[in-house]
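Student: Provide a 3D model corresponding to the input given below.
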Amino acid sequence: MPDAVVIGAGPNGLVAANLLADEGWSVEVLEEQPEPGGAVRHDRDVDPDFVNDLCSSFYPLAAASPVLARLRLDDHGLRWSHAPRVLAHPLSDGRCAVLARGLDTTADSLDAFHPGDGEAWRRLHETWEHLRPDILGALFTPFPPLRAGARLAVRLRAAGGLRMARTLILPVRRLGDEEFQGEGGKLLLAGNALHADLAPEAAGSGGFGWLMSMLGQTYGFPVPVGGAGALTEALVRRLRERGGTLRCGQRVRRVIVRDGRAVGVLTADGGRVAAHRAVLADVSAPALYGDLVPEEHLPSQLLTDVRRFQWDFATFKVDWALDGPVPWQAEAAARAGTVHLADGMDELTRFAAQIAMGQVPDRPFALFGQMTTADSSRSPRGTEAAWAYTHVPHVIKSDAGDEGLTGTWSTKEQEVMADRVERQVERFAPGFRSLIRARRVLAPPTLQALDSNLYGGAINGGTTALHQQLFFRPVPGIGRPETPVAGLYLASASAHPGGGVHGAPGANAARAALHRNRLPGVTRAQRALALRDRTGRKPRRAH
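Tutor: Numbers count the residues shown, from 1 in each chain. This is a model prediction of the structure:
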């Protein structure tokens, strides 16, 4: 009988399993898909000569995460690569805002839009550098982050106190208007806010856009060499070295609850896997409460709150194998790993408003990834492995275009929407479509089939809006991984601090389980000896 069963081998589940194994626990991870990784996988299905990531691709939060840093995944084969520039936002008139890891390069790009905007960006960066250690400490630790939060409060007072707090909760349109005269800086912030589901007019979108922009400024938007799955492979390799077990093709149907405590799981094939100490669920909150855990074991208020759980936007993605580099009208976009495609702030607002009204956007804001530019191993020399994703409503009422899309996502609708995304790229890169060797369409139902946590193509485990963050995530409470069932912990992006590949929800769940089960007088050395007895080798020290 393992000490812990982990449901789901996405990055959070694998991080949780690794941390438990580091403490000498026996761990079994059950994954319903035929391979691990969740949204962190790659394949060669678009074209055999091209590596395309299935879901996520760029990982600024992974680069900044102290959780992943402590796992020393470079010792297990993980290597990172960067594009020459982090991000570009071209406009149809040829101007282009650029985010680079070099502060001078970013500032010069914004000064080209309006003199003085580069200095405004430097001020935002100076504030970030002052607050960064404690922002990251508060972000990647269990809620409430008492120590990091206290230090952050002190630093916030030094940075202007209530004025800085006001800045962080501003809508990104307002923040941009207050800080910049030209459009370049505003677009960098607003485009980064729309990496989540935060419209330019949404409260808190300014803080999120600033955070993502500053992560890119400091850490870049790196990619794993060889494909997104290299990150998963490193996590799995590390876990197995520590005696952990991973079984794929094992869908968990039910958490077994006895006397108010989780004691194991029931799989779809009728198998039972007992858990001596804990069950950690890297699944969405709606999937856990009332589905995996029967309603009779849960408080009625929790069930009511979960029914109000809000998903982030649905996602529509297209992967390409291109016979040459993208012919950007703005040359600066050619060196960026990520390119934002919307012709100004008003077009971003229009896009978000159409989604809010249940319409399929007619000019979809697209995040475009140039993977070979970021990692030369992804495709043959002179070609580009590329992708773009955009957002659509979960419930579609009408099509803002004139093609009658209804959200059935039939093969015909998928092709129509993929063509619409390609036309958006063509606005900024005339001739793009002539380079397409092959493409793959991943509509919302396809994304969910690849990873059931991506409900309807939602990629962040629930909305990033303020009403479902901190102690409101996943429902109003204390924002922690503990659940009403003893020994059961929520370890997915539905838990604080939310979406992105950084491992914090998994780490928080593992820490909670360890704290609950730690026996007085048992030292770390004794736990390490127990691990060595089981696996036959001395575990590496976790830094």
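
Student: and stretch 224-235, end to end?
Tutor: End-to-end distance for stretch 224-235, by C-alpha to C-alpha, to the nearest Å: 13 Å.

Student: how far away from the center of its chain is that stretch?
Tutor: 15 Å (C-alpha atoms, centre = their mean, to the nearest Å).

Student: which residues are contacting it?
Tutor: 9, 11, 14-15, 18, 36-37, 40-42, 51, 53-57, 59, 62, 71, 73, 76-81, 375, 377-378, 501 (C-beta atoms under 8 Å, 6 or more residues apart in numbering). Placement of C-beta: from N, CA and C, glycine included.

Student: of those, buried ones?
Tutor: 9, 11, 14-15, 18, 36-37, 40-42, 51, 53-57, 59, 62, 71, 73, 76, 78, 80-81, 375, 378, 501 (16 or more other C-beta atoms under 10 Å).

Student: among those residues, name the ones in helices.
Tutor: In this view, those that belong to helices under DSSP state H are 11, 14-15, 18, 62.

Student: rebuild these as a markdown table, extending it with distance to residue 351.
Tutor: Output for these, formatted as a markdown table (distance: C-beta to C-beta, whole Å):
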| residue | distance to residue 351 |
| --- | --- |
| 11 | 29 |
| 14 | 34 |
| 15 | 33 |
| 18 | 39 |
| 62 | 27 |
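
Student: ok, those residues vs residue 3, which is closest?
Tutor: Sorting those by how near they are to residue 3, with C-beta to C-beta, puts residue 18 at the top with 13.7 Å.

Student: ok, the spatially closest residue to the closest one that is not a sequence neighbour to residue 120 distance?
Tutor: Nearest in space to residue 18, with sequence neighbours left out and distances taken as C-beta to C-beta, 6 or more residues apart in numbering, is residue 239 at 5.2 Å. In this structure, residue 239 and residue 120 are 45 Å apart, going by C-beta to C-beta, to the nearest Å.

Student: between the two, which one's more packed in?
Tutor: Taking other C-beta atoms under 10 Å, residue 239 and residue 120 do not tie; residue 239 has more neighbours (27 against 20).

Student: okay, and the more buried one sits in which element?
Tutor: Using DSSP states H and E, residue 239 sits in helix 229-241.

Student: and the contacts of the very next helix or strand once past that helix?
Tutor: Using DSSP H and E, the helix or strand that follows helix 229-241 in sequence is strand 245-248. Here strand 245-248 makes contact (C-beta under 8 Å, 6+ apart) with 2, 9, 17, 27-36, 236, 239-240.

Student: which ones among these are found in strands?
Tutor: 27-31 (DSSP state E).

Student: a markdown table please, covering the residues you listed and showing neighbour count, distance to residue 100 and pLDDT.
Tutor: Shown next, in a markdown table, are those (neighbours: other C-beta atoms under 10 Å; distance: C-beta to C-beta, whole Å; pLDDT from 0 to 100):
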| residue | neighbour count | distance to residue 100 | pLDDT |
| --- | --- | --- | --- |
| 27 | 27 | 41 | 98 |
| 28 | 20 | 44 | 98 |
| 29 | 27 | 38 | 98 |
| 30 | 22 | 42 | 98 |
| 31 | 24 | 38 | 98 |
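
Student: if we can go back for a sec, widest-spaced pair of the ones in helices among the buried ones among the contacts of stretch 224-235?
Tutor: Longest span within those, C-beta to C-beta: 18 and 62, 14.3 Å.

Student: next, count neighbours for residue 436.
Tutor: 14.

Student: I meant residue 116, not that one.
Tutor: 12.

Student: phi first, then psi, for it.
Tutor: phi 100, psi -20 (degrees, to the nearest 10).

Student: residue contacts, it?
Tutor: residue 181.

Student: with residue 177 instead?
Tutor: residue 186.

Student: does it count as helix, strand or coil?
Tutor: Under DSSP: H, G, I helix; E, B strand; the rest coil, residue 177 falls in the helix class.

Student: rewinding a little: does the residue nearest to residue 18 touch residue 16 like I think?
Tutor: No - judged on C-beta atoms under 8 Å, residue 239 makes no contact with residue 16 at a distance of 10.0 Å.

Student: related to what we said a few turns ago, now the helix holding residue 239: buried residues?
Tutor: Neighbour-count burial for helix 229-241 [16+ other C-beta under 10 Å]: 229-236, 238-239, 241.

Student: let me see the mean pLDDT of that helix.
Tutor: For helix 229-241, mean pLDDT rounds to 98.

Student: cool, stretch 38-54 as well?
Tutor: In the prediction, stretch 38-54 has an average pLDDT of 98.

Student: ok, now stretch 291-311?
Tutor: On average, stretch 291-311 scores 95.

Student: which residues does it contact?
Tutor: So stretch 291-311 is contacted by 7, 252-255, 257, 260, 281, 283, 285-286, 289-290, 394, 455-456, 458, 462-463, 465, 467-468, 474-476, 483-485, 488, 494 (C-beta under 8 Å, 6+ apart).
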